[in-house]
Each structure stands twice: as structure tokens, then as C-alpha cells.
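Student: Take this sequence and fold it.
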Amino acid sequence: MTKAPRRRKPPVPEDAALWEQVAREVKPLKRRVRKAPEEKKPAPAPKIRGKAKPAAAVPPPAKPEKPRASELVAGSTPGVDRRTAMKLRRGEMDIGARIDLHGYTLEKARTRLFAFIARAQDRGLRCVLVITGKGLRGEGAGVIRNELPHWLNDRDLRPGIVAFTEAQPRDGGSGAFYVYLRRRRAP
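Tutor: Now for the predicted structure:
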């Protein structure tokens with residue numbers, strides 16, 4: 001059952017008179033005019049006495065580097081279906097192996113990581129945990145942690161990596177990464 005539209009009743013003469021009185025006493029509000037933001041004028045060039053020297057070319061400010069199309073970024077899972085990507089981010093995948101790179105020099109950590117990934121792929125593992133550590137307190141992120149994305153994108157290692165993402169707190173949090181490996185095709 002639908003309701004019929006509500007009809008307005010005509011105003012009572014007393015109400016109409018009261019409304020007319022109120023309407024005559026009301027003054028419209030002043031309109032606020034927004035001023036355009038003032039443009040700063042460039043400072044005049046300093047006057048140089050003597051011979052004018054050509055100005056040195058100043059390079060434009062550096063733009064943050066964007067990753068190449070095929071470059072992996074932590075948390076980005078372009079080659080993985082949605083369900084697998086969620087399982088990886090949530091730490092719900094079986095971790096086949098883990099490596100702890102704490103206390104190693106950069107070169108030693110890199111060498112160990114490359115060998116570890118190769119062995120994991122040979123064994124047919126899909127997900128591994130790489131523990132980098134968070135670095136010393138007060139000095140920002142750890143050096144190995146900062147280098148890991150570059151190592152995983154190395155031309156020798158990148159073909160075997162599908163994706164990687166920061167680990168869940170139970171597995172090391174921001175000081176560890178889940179690395180999802182590509183399956184090696186049987187020859």
C-alpha cells in the first residue's frame with residue numbers, strides 16, 4: 001500500500017501576517033569574497049660588479065626513483081592471484097626454509113642469500129623466510145634489510161622470485177620477509 005503525497009494546508013491568516021513581518025526585518029548576510037592566494041614574486045637577481053660569469057647549470061631536483069615494470073617491490077604481488085597474495089601477506093603459507101642474515105657483512109649476507117634461494121628452488125620450495133633484522137636502534141632500518149629488495153631484483157635472482165612481503169610479527173615483523181619462489185619447470 002502506497003501513501004498518497006502529503007498535501008500542504010494553506011497558511012492561517014495570522015501565520016501569513018507573522019511571516020510577512022519577519023521577512024521584512026531580515027537582512028541578507030554579507031557575502032564573503034575569497035581572495036586568490038598571493039603569488040610570491042621571485043627575488044631580484046643580485047647585481048654583480050665587473051665581468052658577468054655564466055651561471056652554473058643547476059640540475060633539477062631529483063625525483064624519487066620509480067621501480068621498473070619488472071622490478072619487485074615489497075608487498076606488491078603482480079604475478080600472484082589474489083588468494084595466494086593474501087595468504088602470503090598474512091603469513092598463512094607454509095614456510096619451507098628460513099635463513100637468518102643477522103651479524104653478517106653485506107657481501108657475506110648477499111652470498112648466503114643467493115645460495116639459500118638456489119637451494120630452496122632446487123628443493124621445490126615455494127615460500128621461504130629471510131630474516132634481515134631491523135638494524136640498530138636509533139639508526140633507522142638495518143643495512144641488510146635495506147639491501148634485500150635490491151638483491152631480490154638482481155638479474156641472477158629475479159627470474160626465480162614471484163613476490164616478497166614483510167613478515168608477520170610472529171615471524172619477525174619488519175625485520176623479516178616472506179619470499180615467494182617461482183616453480184622450476186622440469187627439464
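
Student: mind listing the strands for this structure?
Tutor: 97-100, 127-131, 161-166, 176-181 (DSSP state E).

Student: Least confident of those, on average?
Tutor: Across these, strand 161-166 has the smallest mean pLDDT, namely a mean of 87.

Student: Okay, now the sheet partners of that strand, with direction.
Tutor: Using DSSP bridges, the strands paired with strand 161-166 are strand 176-181 (antiparallel).

Student: can you list contacts of the partner strand?
Tutor: 74, 77, 80, 84, 88, 91, 93, 95, 117, 120-121, 125-132, 148, 152, 160-167, 171 (CB atoms under 8 Å, 6 or more residues apart in numbering). In this view, the C-beta of every residue, glycine as well, is placed from N, C-alpha and C.

Student: Generate a ChimeraX selection restricted to the buried subset of the residues you listed.
Tutor: Applying 16 or more other CB atoms under 10 Å to those, the buried members can be selected in ChimeraX as follows:
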select :77,84,88,91,93,117,120,121,125,126,127,128,129,130,131,132,148,152,160,161,162,163,164,165,166,167,171
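
Student: Put the alpha carbons of stretch 113-130 into CSV.
Tutor: Extracted in CSV, the C-alpha atoms of stretch 113-130 (Å, rounded to 0.1, in the frame of the first residue of the first chain):
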residue,chain,number,x,y,z
LEU,A,113,71.0,-15.3,0.4
PHE,A,114,71.8,-16.2,-3.3
ALA,A,115,72.9,-19.7,-2.3
PHE,A,116,69.9,-20.2,0.0
ILE,A,117,67.4,-19.2,-2.7
ALA,A,118,69.1,-21.5,-5.2
ARG,A,119,68.9,-24.5,-2.8
ALA,A,120,65.3,-23.7,-1.9
GLN,A,121,64.3,-23.7,-5.6
ASP,A,122,66.2,-26.9,-6.2
ARG,A,123,64.2,-28.5,-3.4
GLY,A,124,61.0,-27.2,-5.0
LEU,A,125,60.1,-24.9,-2.1
ARG,A,126,57.6,-22.1,-2.7
CYS,A,127,57.8,-19.8,0.3
VAL,A,128,60.9,-19.1,2.4
LEU,A,129,61.5,-16.7,5.3
VAL,A,130,64.5,-14.3,5.1
